[in-house]
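> kindly return the folded structure for what I paste below:
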Amino acid sequence: MIQTLLDQAQKEIRAQALKIQALTLELAHLRRLRFGRSNESLTLFPSQSQLDLFEETVQADTAAVAAEIEQFGSLAKQGVNKPPRTRAGRQPLSDPLPRIEHYHEPQSCQCRQCGRDLVKIGEDTTEQLDGEPARFFVHHPIRAQCACKTCETITAEPVPPAVIDGGMAAPGLLAWVMTSKYLSPLPLYRLEQIAAREEVRLSRSTLAEWVGRVGVALPPLVDRLTWHLLQGNTLHADETPVAQLDPGNGKTRKAYLWAYRSNDPRIILFDYQAGRSGKHAQHFLQDWQGHLLVDDDGGYKPLFSSASPCTELGCWAHARGKFFDLHQANNSSMAMEALQRIGMLYAIEAEGKHLTIFDRQPLRAEKSLPALNALHDWLLPTRSQTANGGGSAKALDYTLKRWPSLIRYAQSGHLPIDNNPLENAIRPIALGKKNGLFTGSERAGQRAAAIQTLFGTAQLNGLDPSEWLKDTLLKLPAWPNNRIDELLPLTPEFI
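So this is what the prediction gives:
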């Protein structure tokens, strides 16, 4: 009887220990998401304490104190030659920025000491970064009207078509509004305030009308980008939640922004949907065939059934994240070993980063596949010695369960090792969610997805989104449909 009670007590203790371990791991993960750094850099030393919430204020106050000390020092040492102050290095100013040169010549061409003529021996140059607020100006086109005295026909240059016929907004202003709203991202009332400071009255209702009309003009470009995206044989996919206003009860409901990215050509496409169900991905991809890199979300599972043409690619960043959280929670030696082994895989990828597809494939065959086999040989016995139910077991199970999809990248020269390229493109949208708080309607969500698609693709291809949109809005109303590819925010080589 006593032995039975002891056995039950030991089982309860083991269950409680596993529960505590799981909760500790979850707490560490949530703390990292809420307060920690966004990257998962591995270090053998204890992590630094959290940065002061008022770090900017501290830095400003430190600079102010240093300036006051300099002022007092200069008053106390007037007339005394002091050694030049050593300044910390600063980043050079960007080359594409326009330069305005100011020449300063001595007031006299004669030497102050002996009166002889001065000879130029060199130049001392410095650079200062300057700026100005949003600049508004007015285009004032004047079209001459000419008449024929014989037949009395009047001829004038026609008014070119515009995205907003008869509107007062030129393409440059529309591009400023769209990039400010969707990239900065600033709500329209702040744009109204910025314009008011420059004595320009732009009501929110007018700004909202412009956003809606521009949003209607851009979908043909998005449709064409979608077509190009689906011509490739490798895609990244992920989704992120967004809040959508639910007018019925004054609250918000959860919607999702699905994202797809191709690497050649570099296209990112956002698809706004009401839910997270896998049917949305199936509807978007339809009969697309190729390798799809995703996380372990259940919504993607139907895409990889025997009847589906999609082949699953696993994400090593997600697998690594499980061990990283485990190591952060309890300094697990097993997790450290896993992180170091996975780090070897990324070191090999860094070695082959600048190689062609044909040269990268033998590198992976020579180095990545043996490293993966060694990792698998270590994972299996480690899992057999690990109790079920804890954080260690879950991290190991995640990797072992997805092993076939995780090793596929190493069997080729073009498949990616993780989903980071897509997640990095999604991350800036989080700032928009914080500023905007919610999407006003499903139509507004679809419009935002289309505009983010164009802006995101422009950035991936090294284009200035604002300049690209300004040029596109100027050309789009009269552009022939059979040349629409020339307007896409892709590299000139691809077009």
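
> quick one: the strands in the stretch 201-350 of the chain?
Along the stretch 201-350 of the chain, counting by DSSP state E, counting those that start in this stretch, strands occupy 234-246, 251-263, 266-273, 290-293, 310-313.

> can you list the low-confidence ranges for the stretch 101-250 of the chain?
The stretch 101-250 of the chain contains residues with pLDDT under 70 at 247-250.

> the helices in it, which residues?
171-182, 188-197, 204-217, 219-229 (DSSP state H, counting those that start in this stretch).

> tell me, how many residues neighbour residue 241?
11 (other CB atoms under 10 Å). (Each C-beta comes from the backbone N, C-alpha and C, glycine too.)

> that one contacts residue 253, doesn't it?
No - if you go by CB atoms under 8 Å, residue 241 and residue 253 don't touch, sitting 10.3 Å apart.

> closest one to residue 445 among the helices of the stretch 101-250 of the chain?
Closest to residue 445 of these, according to CB to CB: helix 204-217, at 11.1 Å.

> show residues contacting that closest one.
Here helix 204-217 makes contact (CB atoms under 8 Å, 6 or more residues apart in numbering) with 163-164, 167, 169, 174, 177-178, 181, 188-189, 191-192, 447, 450-451, 473, 476-477.

> also stretch 160-169?
With CB under 8 Å, 6+ apart, stretch 160-169 has contacts from 171, 174, 177, 210, 213-214, 217, 473, 476-478.

> same list (the residues you listed) but as JSON lines, adding distance to residue 2.
What follows is the contacts of stretch 160-169, written out as JSON lines (distance: CB to CB, whole Å):
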{"residue": "171", "distance to residue 2": "86"}
{"residue": "174", "distance to residue 2": "82"}
{"residue": "177", "distance to residue 2": "78"}
{"residue": "210", "distance to residue 2": "81"}
{"residue": "213", "distance to residue 2": "82"}
{"residue": "214", "distance to residue 2": "79"}
{"residue": "217", "distance to residue 2": "81"}
{"residue": "473", "distance to residue 2": "84"}
{"residue": "476", "distance to residue 2": "85"}
{"residue": "477", "distance to residue 2": "89"}
{"residue": "478", "distance to residue 2": "92"}
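
> give the buried subset of those as a PyMOL selection command.
Buried residues among these (16 or more other CB atoms under 10 Å), as a PyMOL selection:
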select buried, resi 171+174+177+210+214+217+473+476
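
> burial of residue 294, as a residue count?
Per other CB under 10 Å, the neighbour tally for residue 294 reads 25.

> which residues sit in contact with it?
Contacts of residue 294 (CB under 8 Å, 6+ apart): 236-238, 300, 312-313, 315, 419.

> any idea how far it lies from residue 234?
12 Å (CB to CB, to the nearest Å).

> the residue lying closest to residue 393 once chain neighbours are set aside: what secondary structure?
Of all residues not flanking residue 393 in the chain, residue 386 sits nearest, at 5.1 Å (CB to CB, 6 or more residues apart in numbering). On the three-state scheme (DSSP: H, G, I helix; E, B strand; the rest coil), residue 386 is labelled coil.

> contact partners for residue 386?
334, 392-393, 396.

> quick one: which two of those residues are the most distant?
Checking the contacts of residue 386 with CB to CB, the most distant pair is 334 and 393, at 10.5 Å.

> overlap of the contact sets of residue 294 and residue 234?
Shared contacts of residue 294 and residue 234, counting by CB under 8 Å, 6+ apart, come down to residue 313.

> picking that back up, buried subset of the contacts of helix 204-217, written for ChimeraX?
Selecting only the buried entries of the contacts of helix 204-217 in ChimeraX, with 16+ other CB under 10 Å as the criterion:
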select :163,164,169,174,177,178,181,188,191,192,447,450,451,473,476
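
> gap between residue 236 and residue 323?
Taking CB to CB, one finds residue 236 at 22 Å from residue 323.

> per-residue pLDDT, residue 278?
The score at residue 278 is 84. That number is its pLDDT.

> excluding its backbone neighbours, what's nearest it?
Using CB to CB, 6+ apart, the nearest residue to residue 278 is residue 299, at 3.5 Å.

> neighbours of that neighbour, how many?
The burial count for residue 299: 19, using other CB under 10 Å.

> ok, now how distant is it from residue 279?
Taken as CB to CB, the span from residue 299 to residue 279 is 8 Å.

> cool, residue 257 as well?
Taken as CB to CB, the span from residue 257 to residue 279 is 16 Å.

> compare these two (neighbour count), which wins?
Ranked by neighbour count (other CB under 10 Å), residue 257 and residue 279 place residue 257 first, with 21 against 12.

> contacts only, for the more buried one.
Applying CB under 8 Å, 6+ apart, the residues contacting residue 257 are 239-242, 270-273, 426, 429, 445, 449, 452.

> the same query, at a cut-off of 10 Å, please.
Neighbouring residues of residue 257 by CB atoms under 10 Å, 6 or more residues apart in numbering: 238-242, 270-273, 426, 429, 433, 439, 445, 448-449, 452.

> which of the helices of the stretch 101-250 of the chain sits most buried?
helix 171-182 (a mean of 22; mean count of other CB atoms under 10 Å).

> check which helices and strands it sits against.
helix 188-197, helix 204-217, helix 420-436, helix 442-460, helix 465-475 (3 or more CB pairs under 10 Å, 6 or more residues apart in numbering; DSSP states H and E).

> would you mind giving these as JSON lines with distance to residue 154 added?
Compiled in JSON lines, those are given as follows (distance: least, CB to CB, whole Å):
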{"stretch": "helix 188-197", "distance to residue 154": "38"}
{"stretch": "helix 204-217", "distance to residue 154": "31"}
{"stretch": "helix 420-436", "distance to residue 154": "50"}
{"stretch": "helix 442-460", "distance to residue 154": "41"}
{"stretch": "helix 465-475", "distance to residue 154": "27"}
